[in-house]
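Colleague: any chance you could fold what I've pasted below:
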Amino acid sequence: MRRSSVSRRRKSKRKADQPTPTPPVAPEATLGESPSPSTKTRQQLVLAITLAAIWWSVLIGLAAFTANPVTLNREQIRQANIVISAKVTDAEENKAVVDKVWRGFLDEGQVTINGLSETGAGNGQAYLIPLKRVGPGRFEIAQARFFNGRDVHSPQAAVRLGPALIYRRTDSSIARLELLLSEFNGR
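Modeller: Numbers count the residues shown, from 1 in each chain. Below you'll find the model as predicted:
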């Protein structure tokens with residue numbers, strides 16, 4: 001019996017000395033640089049979210065800085081005898097105080113403008129107002145004119161009169177008015 005126990009010890013000792021076989025290692029694991037599929041997917045998601053955030057920021061910036069550009073109805077300005085800058089004192093009574101006369105002749109001071117109450121003007125607000133003289137000391141807001149897209153001077157151009165428009169007095173509306181007036185005067 002002794003022999004068999006010795007031979008068993010030798011066999012077990014031989015097995016213990018031999019290295020145990022290990023499974024083959026995948027090439028990605030040996031490089032240590034390639035991320036796992038879940039990490040790669042996470043990186044793509046973060047990239048997509050980042051690009052979407054940048055895109056939305058650009059769109060919001062464009063909307064904020066280019067929305068509602070100042071537009072004046074050029075035909076209304078062209079047809080007006082007088083263009084003034086005035087502060088509305090009593091919209092219900094159609095009263096305003098003239099600050100500056102841009103075109104035509106009108107004394108500065110309080111003036112009554114027919115139709116001012118229908119424009120939605122607010123008391124204490126300053127506006128650019130194109131006027132038509134309708135009698136001695138009587139004024140009304142010049143009508144806005146809209147064309148059907150054809151040449152304005154063409155006999156086939158359909159003209160549609162719009163509501164009486166007034167424009168908030170801002171730096172950009174004043175700049176636009178000055179540009180229109182210089183075009184009309186041929187400068």
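Colleague: can you confirm I174 is in a helix?
Modeller: Yes - assigned with DSSP: H, G, I helix; E, B strand; the rest coil, I174 falls within a helix.
Colleague: so G124 sits against D90, correct?
Modeller: No - in this structure, G124 is not within contact of D90 by Cβ atoms under 8 Å, at 10.0 Å. All C-beta atoms are positioned from the backbone trio N, CA, C, and that covers glycine.
Colleague: more crowded one of the two?
Modeller: D90 (14 against 9; other Cβ atoms under 10 Å).
Colleague: quick one: stretch 65-82 to chain centroid distance?
Modeller: Put simply, stretch 65-82 sits 19 Å off its chain's centre (Cα atoms, centre = their mean, to the nearest Å).
Colleague: gap between the two ends of it?
Modeller: Start-to-end span of stretch 65-82 (Cα to Cα, to the nearest Å) is 32 Å.
Colleague: what mean pLDDT does that stretch get?
Modeller: Stretch 65-82 carries an average pLDDT of 82.
Colleague: equivalent analysis for stretch 94-110, please.
Modeller: Stretch 94-110 carries an average pLDDT of 90.
Colleague: what segments of this structure are strands?
Modeller: Using DSSP state E, the strands of the chain run over 82-90, 95-103, 109-114, 126-135, 138-141, 143-147, 159-164, 167-168.
Colleague: alright, I will stop here.
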